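Engineer: Sharing a model that was predicted from the sequence below.
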Amino acid sequence: MPSRHHRLRPAGRTAAPAPRRLPVGRWAVPAAATALLPNLAPVVGGLLWVALLAGTGCDEGCDPAVRAPLGVVTLGYSLSLTLTPAALALCWLLAVRRSWSTARWAAARWAAAGLAYVPPAMIALGVMLLFVPRP
């Protein structure tokens with residue numbers, strides 16, 4: 001009887017041992033997401049500064065075309081304090097747990113890493129909406 005490491009060929013002969021697969025890069029997605037996110041901090045900080053300057057003269061009688069993008073920036077900032085750390089923690093948890101590190105959970109790791117970038121994208125979108133020409 002062949003050992004567990006040998007596969008049977010159609011004639012009953014054993015083949016060479018199956019090559020060991022390299023471990024799937026389960027650490028690659030969370031590591032990349034964690035490493036790239038602090039590099040966005042100066043950019044997002046500058047965008048927040050631009051939004052702050054745009055909203056300084058904005059009181060309660062502010063134009064809705066300016067108030068709506070500032071609301072998007074505010075929501076993005078508040079989500080960056082909660083959603084980004086939670087998404088990164090989930091991404092790392094999906095990589096650490098051995099039973100969750102299979103290929104079927106790879107999409108969940110990508111989704112969690114993508115969720116970490118939603119608040120900076122919201123801040124950038126809000127600032128870009130401030131500069132849209134109004135009719």
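Structural biologist: Happy to help now that I have it.

Engineer: Can you show me the helices along the protein?
Structural biologist: Ranges of helices in the chain, per DSSP state H, are 28-36, 41-54, 64-80, 83-96, 106-116, 118-130.

Engineer: and the longest one with helix 41-54, angle?
Structural biologist: Helix 64-80 and helix 41-54 are oriented at 150 degrees to each other (axes from the mean of the first three to the mean of the last three CA atoms, to 10 degrees).

Engineer: try the fifth one
Structural biologist: Following the same axes, to 10 degrees, one obtains 40 degrees for the angle between helix 106-116 and helix 41-54.

Engineer: still on that earlier bit, with mean pLDDT and mean neighbour count as added columns, please give the helices of the chain in a markdown table.
Structural biologist: Quick note: C-beta positions are derived from backbone N, CA and C, even for glycine. What follows is those, written out as a markdown table (pLDDT from 0 to 100; neighbours: other CB atoms under 10 Å):
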| stretch | mean pLDDT | mean neighbour count |
| --- | --- | --- |
| helix 28-36 | 92 | 16 |
| helix 41-54 | 90 | 14 |
| helix 64-80 | 89 | 16 |
| helix 83-96 | 92 | 17 |
| helix 106-116 | 91 | 18 |
| helix 118-130 | 93 | 18 |
